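# Here is a sequence together with a model predicted from it:
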Amino acid sequence: MTQLLWLRSDLRTSDNTALAAAMACGPTVALYLVTPGQWLAHDDAPCKVDFWLRNLAELSTRLGALNVPLLIREVDDWQAVPDALLKVCREQGVQRLHYNDEYGVNEQRRDHAVTTHLEAAGISVRGYLDQLLFTPGSVQTQSGSYFKVFSQFRKACLTHLSISLPACEPVPAAQAPLGITSDPIPTTVTGFPRPTDYLRALWPAGEAFAQRRLAAFVEDDLNEYHQRRDLPAEPGTSQLSAYLAAGVISIRQCLHAALSYNQGELDSGSTGVTTWINELLWREFYKHILVGYPRVSMYRAFRPETEALPWRRAPYELEAWQQGRTGFPIIDAAMRQMQETGWMHNRLRMVVAMFLSKNLLIDWREGERWFMRHLIDGDLAANNGGWQWSASTGTDSVPYFRLFNPISQSQRFDPDGQFLRRWLPELQHLSRRDVHNPSAHRNLFGVTEYPAPIVDLGASRARALDAFRNLPDAQ
Ligand code: FAD
């Protein structure tokens with residue numbers, strides 16, 4: 001009974017639920033579908049697509065060691081996926097398809113169409129929980145609905161985990177050779193320009209590297225995570241988001257690594273560990289929200305009343321924000337960090353998102369799209385959740401009146417201006433005091449090269465507060 005493993009966002013051999021299940025059922029062939037039209041429609045960033053391809057090349061080698069051939073097929077979009085899969089099943093004499101579940105609306109519709117199509121042709125289909133610790137819908141309030149408040153969701157998750165911890169699957173034993181040759185992995189895909197060598201070198205491919213990054217983070221940084229995680233100049237966070245999003249490492253592997261450092265304690269012991277586990281649970285929370293409230297993955301606000309906000313059409317200001325030319329160093333440094341590295345520090349994601357959606361009063365969806373087009377870790381649930389949190393349109397989001405001031409955020413979290421100088425060389429010569437707010441010191445030598453602020457912080461803050469206060473159901 002030949003098994004087909006359809007790889008998507010699970011590019012690893014260790015602790016891969018669908019791979020282990022397929023190989024336990026019989027001789028297994030793996031398949032990856034390149035779908036450029038769909039990726040463009042989803043705003044997937046070129047650096048992310050390149051990261052997928054580089055990881056596929058590593059994965060192909062590892063699958064080769066298990067005698068699992070990796071086939072590559074290209075179709076433009078997900079409409080064409082059911083037929084493409086059926087064709088491969090017929091070519092290879094496949095009796096069962098295995099995949100790890102994905103949770104966006106389009107992903108679920110695609111998988112439903114695949115299941116209907118294949119089952120009609122006599123091929124069975126099995127999906128597995130792998131990307132998350134819990135199946136969406138299985139962690140519920142007492143009244144049987146999805147949690148909307150993170151702290152309550154977190155508490156319920158910790159209770160479940162303290163009773164039963166999901167185990168990691170070992171890499172399966174090699175199967176007998178099938179005599180099928182793996183396809184070459186494409187090195188580029190039309191529509192997705194190759195990123196710079198500098199960017200690529202920051203994100204080496206492969207699960208061996210991801211495991212080393214996890215081990216080094218746990219060893220060197222995890223214990224102080226709660227103290228350093230908000231400082232963008234420091235390497236205080238794991239930088240594993242791209243690996244988690246592409247499934248090069250699993251959530252269970254991350255959780256077990258943290259727990260073994262903390263003598264198995266989930267909610268006590270090292271504050272660094274418990275804070276990091278919290279962040280892993282934010283990831284879980286937003287994916288559950290995506291399934292429980294699918295409108296958020298269809299460009300809708302979680303809080304419907306915020307759809308009435310009077311978003312401004314301000315193309316010049318939007319472009320200044322995108323290109324890192326707002327005149328606020330912390331915003332500009334962060335936006336340039338994302339353009340050049342494909343990643344932005346979490347504190348800064350919140351600061352720039354709040355600046356766009358509150359101070360500029362530009363629709364958060366513009367920012368969400370720009371992030372997706374540039375992030376190597378771009379993930380629908382986390383990105384949408386982060387944007388809606390910052391714009392106060394989401395579930396359990398920041399209260400609308402708690403606006404971050406970009407200058408005081410900069411002074412607080414980058415006190416020496418080390419991060420600012422790294423990304424804004426034109427401010428290199430400014431003192432520790434002046435670098436956060438060069439417009440206050442425009443007579444200083446060289447500062448004129450840097451733009452003046454595009455917005456007055458006080459007036460724009462008042463404008464945002466008014467916009468929210470005037471909403472029909474605002475509290
Ligand atoms: P660590 O601090 O080491 O955290 C470990 C892991 O937990 C991360 O790798 C990530 O998988 C998860 N995580 C941490 N914080 C969050 C969070 N707030 N929400 C959800 N998951 C979290 N994260 C993405 O993975 N993809 C995105 O597209 C994305 N877009 C964001 C947009 C905005 C506006 C905001 C405010 C946040 C966004 N985040 C996103 C969440 C967070 O910023 C990143 O996960 C984090 O910066 C990644 O760095 P790290 O791997 O060093 O994280």
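Arrived safely, thanks for sending. Numbering: from 1, shown residues only.
# Would you map the helices across the stretch 151-300 of the chain?
197-202, 207-220, 225-228, 241-245, 251-261, 271-292 (DSSP state H, counting those that start in this stretch).
# ok, and what's touching the third one?
Okay, so that is helix 225-228. 221, 234, 236-237, 271-273, 275-276 (C-beta atoms under 8 Å, 6 or more residues apart in numbering). Just so you know, the C-beta spots here come from the backbone N, C-alpha and C atoms, and that holds for glycine as well.
# if we can go back for a sec, most packed of the helices of the stretch 151-300 of the chain?
helix 241-245 (a mean of 24; mean count of other C-beta atoms under 10 Å).
# For the closest residue to Ile180 other than its chain neighbours, give me its contacts.
In space, and not counting its chain neighbours, Ile180 is closest to Pro69: 4.1 Å by C-beta to C-beta, 6 or more residues apart in numbering. Residues counted as contacts of Pro69 (C-beta under 8 Å, 6+ apart) are 29-30, 63, 178, 180-182.
# Map the structural domains onto the sequence of the chain.
Split into domains by automatic domain parsing, the chain comes to 2-128, 132-167+205-292, 304-469.
# and the shortest one, how far apart are its ends?
End-to-end distance for domain 132-167+205-292, by C-alpha to C-alpha, to the nearest Å: 15 Å.
# about what we covered before: for ChimeraX, what selects the buried ones among the contacts of Pro69?
Buried members of the contacts of Pro69, identified by 16 or more other C-beta atoms under 10 Å, are gathered into one ChimeraX selection as follows:
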select :29,30,63,180,182
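# among the contacts of Pro69, which are in strands?
29-30 (DSSP state E).
# and the contacts of Pro69 as a markdown table, adding distance to Gly394 and pLDDT?
Shown next, in a markdown table, are these (distance: C-beta to C-beta, whole Å; pLDDT from 0 to 100):
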| residue | distance to Gly394 | pLDDT |
| --- | --- | --- |
| Val29 | 41 | 98 |
| Ala30 | 37 | 99 |
| Leu63 | 39 | 98 |
| Leu178 | 47 | 98 |
| Ile180 | 47 | 98 |
| Thr181 | 48 | 97 |
| Ser182 | 43 | 98 |
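# still on that earlier bit, could you dump the helices of the stretch 151-300 of the chain to CSV with mean pLDDT and distance to the ligand?
Putting the helices of the stretch 151-300 of the chain into CSV (pLDDT from 0 to 100; distance: least, C-beta to the nearest ligand atom, whole Å) gives the following:
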stretch, mean pLDDT, distance to the ligand
helix 197-202, 98, 12
helix 207-220, 98, 7
helix 225-228, 98, 7
helix 241-245, 98, 3
helix 251-261, 98, 7
helix 271-292, 98, 3
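# Let me know which of those helices is the nearest to Pro425.
Pro425 lies closest to helix 197-202 among those, at 15.3 Å (C-beta to C-beta).
# dump the residue contacts of the closest residue to the ligand within the stretch 51-200 of the chain.
At 9.6 Å from the ligand, Phe150 is the closest residue in the stretch 51-200 of the chain, using C-beta to the nearest ligand atom. Phe150 is in contact with 281-282, 285, 396, counting by C-beta under 8 Å, 6+ apart.
# picking that back up, distance-wise, check the residue nearest to Ile180 relative to Leu457.
Between Pro69 and Leu457 the distance is 58 Å, computed by C-beta to C-beta, to the nearest Å.
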